[in-house]
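# coordinates only, sequence not included:
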């Protein structure tokens, strides 16, 4: 069993080190992570400059690029053999609802999935690394179980969010759909020292849909949320209506 480990908080992040320790003994481990924090980079690939690969003192490899870059470089140019599993995280903060569209943590896992490798993204719900040991324990359990009992749907892409609680206070795991947020807050406008306007992206919006069955609801109730993700963004339910629209246009 070969496991590739990545993240978006950077190769020095406590969550990456915790995930590495959690996976020890489960297989042959390889770490390729971003040089710097790359949160919010989604599935971006660096196309307009070359990428460099470095080796840290702890043996981890890091790339001066995005999380997707890291997994892409590892799979297509660094590792001699394709991994059997890609794991990403443990992220410093939740990746719930639409967060998954922006998340570098999820993107690193998704890059593995795009290459046909099963992948899992792990996140702590609240920032600050509180109860990181709980998240690491859950991550080890999930990784061990998918190794010992491979799901029928392979490859798979799982998004796992772990409440910041002592392990004994977790209520278990729940299979969830993604919830919804309101649109994020507006940008914060400032002036730089030269008198030029600059803008900071505002915080994530409040939760809009957090009913039972959503990842927001599960984690708020003390459960680990497990959400299978897919790449197909096609709005299948709307296809008939759009087909009628196209036919009407052609009949003019």
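Noted; the coordinates are in hand. None of the values given here were measured: they were computed from a predicted structure.
# use CA for all of it now, contacts and neighbours both
Will do.
# which residue, neighbours along the chain excluded, lies closest to residue 18?
residue 136 (5.9 Å; CA to CA, 6 or more residues apart in numbering).
# ends of stretch 120-129, how far apart?
Terminal residues of stretch 120-129 lie 19 Å apart, using CA to CA, to the nearest Å.
# in it, what's buried?
Buried residues in stretch 120-129, counted by 16 or more other CA atoms under 10 Å: 120-126, 129.
# from residue 102, how far out is residue 233?
15 Å.
# more neighbours, those two?
Counting neighbours by other CA atoms under 10 Å for residue 233 and for residue 102 shows that residue 102 has the greater number, 16 against 6.
# the more buried one contacts residue 41, doesn't it?
Yes: assessed by CA atoms under 8 Å, residue 102 is found in contact with residue 41 at 6.3 Å.
# look at residue 86 and tell me its secondary structure.
Per DSSP: H, G, I helix; E, B strand; the rest coil, the local secondary structure of residue 86 is strand.
# what are the bridge partners for it, then?
residue 4, residue 119 (DSSP bridges).
# can you report phi and psi for the closest residue in space to residue 28 that isn't next to it in sequence?
Excluding its sequence neighbours, the residue lying closest to residue 28 (CA to CA, 6+ apart) is residue 2, at 4.7 Å. Dihedral angles of residue 2 (phi, psi; degrees, to the nearest 10) stand at phi -110, psi 130.
# next: residue 197.
Residue torsions, per degrees, to the nearest 10, at residue 197 are phi -70, psi 140.
# which residues touch it?
Residue 197 makes contact with 189-191, according to CA atoms under 8 Å, 6 or more residues apart in numbering.
# from the chain's centroid, how far away is stretch 162-179?
16 Å (CA atoms, centre = their mean, to the nearest Å).
# repeat that for stretch 199-218.
The chain centre lies 16 Å from the centre of stretch 199-218; the measure is CA atoms, centre = their mean.
# tell me which residues of it come out buried.
209-210, 214-218.
# can you list the residues that contact it?
By CA under 8 Å, 6+ apart, stretch 199-218 touches 96-97, 161, 174-190, 224-227.
# can you say which of those are buried?
Applying 16+ other CA under 10 Å to the contacts of stretch 199-218 flags 96-97, 161, 174, 176-181, 224-227 as buried.
# lowest pLDDT pick from those?
Within these, the minimum per-residue pLDDT falls on residue 181 (82).
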